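Trainee: how would this look folded up:
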Amino acid sequence: MTEDFAFKISTLCFDENYTPADHTRLTTNFANLARGENRQENLRRALTMIDNRFNALAHWDNPKGDRYAVELGIVSADLDVDGNGGDFPAIEMLKTTIVDHKTGARIEGIVGNSFSSYVRDYDFSVRLMDHNKGRDGFSVPENYGDLHGNLFKLFVTSPAYQENFAKRPVFCLSVSHNKTYHRTANEHPVLGFEYQPDTTSLTEAYFRKMGLQVRYFMPKNSAAPLAFFFFGDLLNDYSTLELISTISTMESFQRIYRPEIYNANAAAGTVFQPSLDHQDFSPTRIVYDREERSQLAIKQGKYAEKHFIKPYRDILDAWSAQYAAQ
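Mentor: Next up, the predicted model:
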């Protein structure tokens, strides 16, 4: 059965001329910026933020702060479930490439960064909400996240992934505003101080089913910690410039989408509780509609239900059970 599951990978340049494809999730970090009358200005400013942050972190042998630029590629992985060519847009990620203007070198960065999945929208915005309607208290459905997690692990070990990428992905998300984080004595030269949360979360549990673990670090001159989801050894499996490419890219996106946390005028202390109600922050000059993003998540979850979950439910359930038993 698993031999019928085939991934097809394509890459599209993310620059100021980027326009989302028809099947792209519009809540995705990069796609959300590329809409509306301010789209090109949004994109240009976001890319400038990324380059400036990269050069600030990679400051050695870089006296003018302009040695490096970060190029971003949108990696799309389409899944053919039954071998009939009916591709479903399963996963989208970002791949970074570092351009060294001093040497002319092009350096491979990290793949992952932002994570986009219609099936995750279905799980969080359709299945989970339907499960909790009319209930006293909150709970998760049985086998919640199993299918998505197994599909992702299949993708990372697939020939398509391994032919295109040398290392496994790293994703970088915002911290949860429902948790408190405590700074530890552990300090990494690039990732900064490590923080520990007071409790786990549904998001962490969901990513664990994808095979990923999480650590929280606050890079130098950042306002808040970032959540890094990864396989293996985050601190030793990736080079300094690779890590900086992820920090600069994803912190810039979070400054746009979560300015109350990541563009706050005062940095997180030894004990930090994020809040979207925080008022002492500096808005970016980039247009973003947070309310629309929430509405689109439901719409996109229903799209996944209609075009993927329901048509292939029996095949997917049987495959997922078989995959988990291996």
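
Trainee: please, where are all the helices along the stretch 151-300 of the chain?
Mentor: Using DSSP state H, counting those that start in this stretch, the helices of the stretch 151-300 of the chain run over residues 159-164, 202-208, 234-237, 240-257, 259-262, 290-304.

Trainee: point out the most buried one among those.
Mentor: Highest mean neighbour count among the helices of the stretch 151-300 of the chain (mean count of other Cβ atoms under 10 Å): helix 240-257, with a mean of 24. (Glycine included, C-beta is placed from N, CA and C.)

Trainee: tell me what it is packed against?
Mentor: Here helix 240-257 touches helix 29-33, helix 39-57, strand 68-80, strand 87-100, strand 106-116, strand 170-174, strand 226-230, helix 259-262, going by 3 or more Cβ pairs under 8 Å, 6 or more residues apart in numbering; DSSP states H and E.

Trainee: low-confidence ranges in the chain?
Mentor: For the chain, the stretches with pLDDT under 70 are 1-4, 22-31, 85-86, 288-294.

Trainee: okay, which residue is most central for it?
Mentor: Ser114 (2.5 Å; Cα atoms, centre = their mean).

Trainee: was I right to think that one contacts Thr96?
Mentor: No. Counting by Cβ atoms under 8 Å, Ser114 stays clear of Thr96, with 10.6 Å between them.

Trainee: dump the helix or strand where Thr11 lies to CSV, restricted to CA.
Mentor: Using DSSP states H and E, Thr11 maps to strand 6-14. The C-alpha coordinates for strand 6-14 follow below in CSV (Å, rounded to 0.1, in the frame of the first residue of the first chain):
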residue,chain,number,x,y,z
ALA,A,6,4.2,9.2,-3.9
PHE,A,7,5.5,12.7,-3.2
LYS,A,8,6.3,15.2,-5.9
ILE,A,9,8.5,18.2,-4.9
SER,A,10,8.6,21.6,-6.6
THR,A,11,10.3,24.8,-5.6
LEU,A,12,9.2,28.4,-6.3
CYS,A,13,11.3,31.5,-5.6
PHE,A,14,9.9,33.8,-2.8
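
Trainee: what's in contact with that strand?
Mentor: By Cβ atoms under 8 Å, 6 or more residues apart in numbering, the residues outside strand 6-14 that reach it are 18, 21, 30, 43, 71-80, 83, 87, 90, 94-95, 155, 158, 160-161, 164.

Trainee: now the buried members of those residues.
Mentor: Those of the contacts of strand 6-14 that meet the buried threshold are 18, 30, 43, 71-80, 87, 90, 94-95, 155, 158, 161, 164, by 16 or more other Cβ atoms under 10 Å.

Trainee: contacts only, for the nearest residue in space to Thr246 that is not next to it in sequence.
Mentor: Residue nearest to Thr246 in three dimensions, not counting chain neighbours: Ile110, with 4.9 Å by Cβ to Cβ, 6 or more residues apart in numbering. Contacts for Ile110 (Cβ under 8 Å, 6+ apart) come out as 95-96, 167, 169-170, 238, 242-243, 245-246.

Trainee: run the last query once more with 10 Å
Mentor: With contact set as Cβ atoms under 10 Å, 6 or more residues apart in numbering, Ile110 has these partners: 93-98, 165, 167-172, 230, 238-239, 241-247, 249-250.

Trainee: roughly how far apart are it and Tyr206?
Mentor: To Tyr206, Ile110 is 21 Å away according to Cβ to Cβ, to the nearest Å.

Trainee: now Pro219. Nearest residue, chain neighbours left out?
Mentor: In space, and not counting its chain neighbours, Pro219 is closest to Gly192: 4.2 Å by Cβ to Cβ, 6+ apart.

Trainee: and for the one you found, the neighbour number?
Mentor: For Gly192, the count of nearby residues is 20 (other Cβ atoms under 10 Å).

Trainee: that one against Arg215, yeah?
Mentor: No. At 11.4 Å, Gly192 does not count as touching Arg215 under the criterion of Cβ atoms under 10 Å.

Trainee: hmm, back to that, which among the helices and strands packed on helix 240-257 is found nearest to Arg285?
Mentor: The minimum distance between Arg285 and the helices and strands packed on helix 240-257 falls on helix 39-57, with 6.3 Å, by Cβ to Cβ.

Trainee: got the angle between that closest one and strand 6-14?
Mentor: Angle, helix 39-57 to strand 6-14, by axes from the mean of the first three to the mean of the last three Cα atoms, to 10 degrees: 90 degrees.
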